[in-house]
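K.L.:
Okay, structure incoming, though there's no sequence with it:
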């Protein structure tokens, strides 16, 4: 008999909970011998996770602030009957400083750089 101890972890941080469940289930189903799983639930300190999330949000705040007027202009153009359904027309109708700001904001976001 094999006895295993499994400590708790925050399942909401698992990228794919189905994969975690399937891996554990496949392991359990593949044992030809008896086994027991002792699972302990313990308090998980969320402070480091909260602090890291707040830090990421603080880094993005200047982008949101800079983009707010630009987003309003795009929304206004999109609401216009001529531009409805045509985002390219809405972007083309922005003046040069707004297009430059849009380029700066997009380039500053890591996944678009």
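P.N.:
Nice, thanks for sending it over. Owing to the predicted nature of the structure, the values given are computational and were not obtained by experimental measurement.

K.L.:
CA atoms for contacts and neighbours, from now on please.
P.N.:
Fine.

K.L.:
mind listing what's buried in stretch 102-113?
P.N.:
Residues 102, 105 are the ones in stretch 102-113 that count as buried (16 or more other Cα atoms under 10 Å).

K.L.:
Same question for stretch 49-59.
P.N.:
Per 16+ other Cα under 10 Å, stretch 49-59 contains no buried residues.

K.L.:
Let me know the average pLDDT across that stretch.
P.N.:
Averaged over stretch 49-59, pLDDT sits at 90.

K.L.:
Flag the helix or strand of the protein with the lowest per-element mean pLDDT.
P.N.:
Least confident helix or strand, the chain: helix 87-92 with a mean of 72, by mean pLDDT, DSSP states H and E.

K.L.:
C-terminal to that helix, what's the next element?
P.N.:
helix 96-108 (DSSP states H and E).

K.L.:
any idea how far residue 62 lies from residue 104?
P.N.:
12 Å (Cα to Cα, to the nearest Å).

K.L.:
Next: residue 19.
P.N.:
For residue 19 relative to residue 104 (Cα to Cα), the value is 38 Å.
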